[in-house]
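Asker: Next come a sequence and a model predicted from it.
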Amino acid sequence: MPATNGAALASKAVWLDRRTPPHIVSVVLVVGIAAVNLNVVLPALPSLAADFQADYAVVALSVSGYLALTGVLQLLLGPLSDRFGRRPVLLASGAVFLVASLGCMVAPTLAIFLACRMAQSAIASGLVLSRAIVRDMVPADQAASLLGYVTMGMSLMPMVAPMIGGALDEAFGWRSIFLFTFLAGALAMLLIWADLGETNVSPSTSLLAQMHDYPALLRSRPYWGFALTSAFASGLFYGFLGGGPWVATELLHMSPTDTGFYFGFPALGYLFGNLLSGRYAARVGLAGMMLAGSVVATLAVLLALGIFAVGTADPISFFGAIALTGFGNGLLLPSANAGIVSVRPDLAGSASGLGGALNIGLGAALAVLGGIVVGPQSGAWLLLLLMFASSALSILTTLDVMRCGRREGLPL
């Protein structure tokens, strides 16, 4: 979409008028409900394992399997929104999420619970379409800053979600968590229905017509650079999601409530990183913010390794280091995501979906590995090395984006 059209869309936004583009708060909730749903269950994983008398690694599929299906769905939801519009896709996927949340709450067996948990991944539409909506509304040079503010506001939700999940698990049991997700999702869907006007003003004529344009997108070296940078940076966090609850419970001897509280630390770091991204991304440029964020996150993992090496690991020091990884990702991800949807603005939904699928697919794999590599023999070492490798690769892919950008004359 041309920049002028995006600026015109942004200027027409009217609060609670579904005939106009959405208010920033609605965009925050679109992506925020998906982030809440991922994080809120983390402190309750040990309780789920005990209740269903299952191994922790099997119960952890409620995170890794959820992420994997989220990645697959983004491949479908992005193109569907390019064809049929952002609004109908969001509302339909939200309805599936609400039914699945109730299913999780009443599930009598682990198999049924996991099936309903996978169905909850329909809310992945919030992740993929929020980026496309922002790109619909503003030109590329403003998208990174606006996405920084969107994810800054959104980061408040996953910051408090583990705290809520831990408190609910301890007070009422893990099933109460899914009553919470149902009620929160219902409120978010009502606001989306009332405020989210269609922003895709030039939908594609057919899904087959979109497929004809994909080869140009897939051949774009800068596109893959942005997408891989986002994926490796996010992989650092997803790997932590897979093994972090075990580290908190078994090595640091934390209760579910304490685990939920400290799991808010990386989201707090992410919040401040997003704040700086929102203020400076347009001035520093996409590549500059990506490089700064990837370096900060990688150094933070090295700090966590050092804490365990000298034997001083405790909840504050360990999660303090993890908070710095969140800060680095807060600097990096808005710019990487803006780059993903700016290579081909006419395919913003599809580009966002493919980038999100790569992001979540790698994240799911690392979440599985994170759950596997922790244990009495290895402690937290292999988990932290896994996180370091993923973050270090984001530095390399950022440097490749910078090299390609200079060669092709892109405004980075």
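Answerer: Received the coordinates, thanks. Just so you know, these numbers come straight off a predicted model, no measurement behind them.
Asker: quick one: low-confidence parts of this structure?
Answerer: Within the chain, the stretches with pLDDT under 70 are 1-15, 139-145, 147-149, 151-156, 158-159, 205-214, 349, 409-412.
Asker: Let's see that with 50 instead.
Answerer: 1-4, 6-8, 10-11 (pLDDT under 50).
Asker: all helices for the stretch 1-150 of the chain, in order.
Answerer: 3-11, 24-39, 45-51, 56-59, 61-84, 86-106, 110-119, 125-137, 140-172 (DSSP state H, counting those that start in this stretch).
Asker: most packed of those helices?
Answerer: helix 125-137 (a mean of 29; mean count of other CB atoms under 10 Å). Backbone N, C-alpha and C define where each C-beta goes, glycine included.
Asker: next one: that helix to chain centre, how far?
Answerer: Computed by CA atoms, centre = their mean, to the nearest Å, the chain-centroid distance of helix 125-137 equals 13 Å.
Asker: who does it touch, helix- and strand-wise?
Answerer: helix 3-11, helix 24-39, helix 61-84, helix 86-106, helix 140-172, helix 315-340, helix 348-373 (3 or more CB pairs under 8 Å, 6 or more residues apart in numbering; DSSP states H and E).
Asker: so which of the helices of the stretch 1-150 of the chain gets nearest L217?
Answerer: helix 61-84 (11.2 Å; CB to CB).
Asker: Could you name the helices and strands sitting against the closest one?
Answerer: Using 3+ CB pairs under 8 Å, 6+ apart: helix 61-84 touches helix 24-39, helix 45-51, helix 86-106, helix 110-119, helix 125-137, helix 207-218, helix 221-246, helix 348-373.
Asker: So for the strand or helix carrying M290, what gets flagged as buried?
Answerer: Assigned by DSSP states H and E, M290 belongs to helix 286-309. By neighbour count on 16 or more other CB atoms under 10 Å, the buried set for helix 286-309 is 286-298, 300-301, 303-305, 307-308.
Asker: With stretch 182-192 instead?
Answerer: Neighbour-count burial for stretch 182-192 [16+ other CB under 10 Å]: F182, A184, G185, A188, M189, L191, I192.
Asker: Now do the contacts for A227.
Answerer: A336, I340, L354, G355, L358, N359 (CB atoms under 8 Å, 6 or more residues apart in numbering).
Asker: Out of those residues, who's the most crowded?
Answerer: Highest neighbour count within those: A336, with 33 neighbours (other CB atoms under 10 Å).
Asker: State the distance from that residue to M189.
Answerer: 28 Å (CB to CB, to the nearest Å).
Asker: What of A313?
Answerer: According to CB to CB, A313 stands 41 Å off from M189.
Asker: that older thread, and R175, which of the helices and strands packed on helix 61-84 is closest to it?
Answerer: With respect to R175, and counting by CB to CB, the nearest of the helices and strands packed on helix 61-84 is helix 86-106 at 5.1 Å.
Asker: what sits against the closest residue to F240 other than its chain neighbours?
Answerer: Nearest residue to F240, sequence neighbours excluded (CB to CB, 6 or more residues apart in numbering): M387, at 6.0 Å. Neighbouring residues of M387 by CB under 8 Å, 6+ apart: L236, G239, F240, V301, A304, T325, G370.
Asker: burial of the residue lying closest to the fifth one once chain neighbours are set aside, as a residue count?
Answerer: Leaving out its chain neighbours, the residue that sits closest to A304 by CB to CB, 6+ apart is A321, at 3.9 Å. By other CB under 10 Å, 24 other residues sit near A321.
Asker: what's the answer for the one 4 residues further on, then?
Answerer: A count of nearby residues for T325, using other CB under 10 Å, gives 30.
Asker: separation between it and M289?
Answerer: 16 Å.
Asker: Quick check: the residue nearest to A304 touching A300?
Answerer: Yes - applying CB atoms under 8 Å, one finds A321 in contact with A300, separated by 5.4 Å.
Asker: shared neighbours of those two, which are they?
Answerer: In contact with both A321 and A300: no residue, using CB under 8 Å, 6+ apart.
Asker: residues contacting F113?
Answerer: F113 makes contact with L48, F52, S62, C104, A107, according to CB under 8 Å, 6+ apart.
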